[in-house]
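> Quick one: sequence and predicted model below, then my questions.
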Amino acid sequence: MQRIIGTEVEYGISSPSDPTANPILTSTQAVLAYAAAAGIQRAKRTRWDYEVESPLRDARGFDLSRSTGPPPIVDADEVGAANMILTNGARLYVDHAHPEYSAPEVTDPLDAVIWDKAGERVMEAAARHVASVPGAAKLQLYKNNVDGKGASYGTHEN
């Protein structure tokens, strides 16, 4: 029996020179810096279908009113701006407050390891590209599962 396997890695992110840096912003900077360096043009990025998702949907089965939620997004192109499919079939995006690399699905365990390792190279390149921007703080990315401050993240199958 052949199985399809792959990994998703949630990377921890910090900016040592700015301990108050917003992780959503730094994650977005990392993903968009990689896209720019890789020549992935915004107009050519794959749009993700969030039709069944809603930031106002409560897990208990009801929707909150718009007045209790964030203001609506004016530019629909901004939805998923830090979300792209890479040339190897992986997905690189901001998931809540961290960058995430979802490796392509494969049928061979060695291929799964190779593409997981490729994700490490992608994230290294992302941090390097952010650091090359004048005035940008250096980012550190972590492939572990806790930040020592109460937040956890990790790797799981996809």
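Now that the structure is in, tell me what you want to look at.

> what's the single longest helix in the chain?
Using DSSP state H to define each element, the chain has its longest helix at helix 109-131.

> shaky segments in the protein?
For the chain, the stretches with pLDDT under 70 are 42-59, 64-81, 144-148, 151-158.

> For it, just list every one of the strands.
Assigned by DSSP state E, the chain shows strands spanning 7-10, 12-14, 83-85, 91-95, 98-102, 140-142, 155-157.

> one step back: just the buried positions in the longest helix of the chain, please.
For helix 109-131, the buried set under the neighbour-count rule, 16 or more other C-beta atoms under 10 Å, comprises 112, 115-116, 118-119, 122-123, 126-127, 129-130. Just so you know, the C-beta spots here come from the backbone N, C-alpha and C atoms, and that holds for glycine as well.

> Quick one: those as a markdown table, columns for distance to Pro23 too.
Written out in a markdown table, the entries for the buried residues of helix 109-131 read as follows (distance: C-beta to C-beta, whole Å):
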| residue | distance to Pro23 |
| --- | --- |
| Ala112 | 27 |
| Trp115 | 25 |
| Asp116 | 22 |
| Ala118 | 23 |
| Gly119 | 19 |
| Val122 | 18 |
| Met123 | 14 |
| Ala126 | 14 |
| Ala127 | 14 |
| His129 | 18 |
| Val130 | 13 |
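
> Can you give me the neighbour number for Gly89?
Neighbouring residues of Gly89 were enumerated by other C-beta atoms under 10 Å; the total is 13.

> If you drop the residues flanking it in sequence, what lies closest to it?
Leaving aside its sequence neighbours, Gly89 sits nearest to Pro104 (C-beta to C-beta, 6 or more residues apart in numbering; 3.4 Å).
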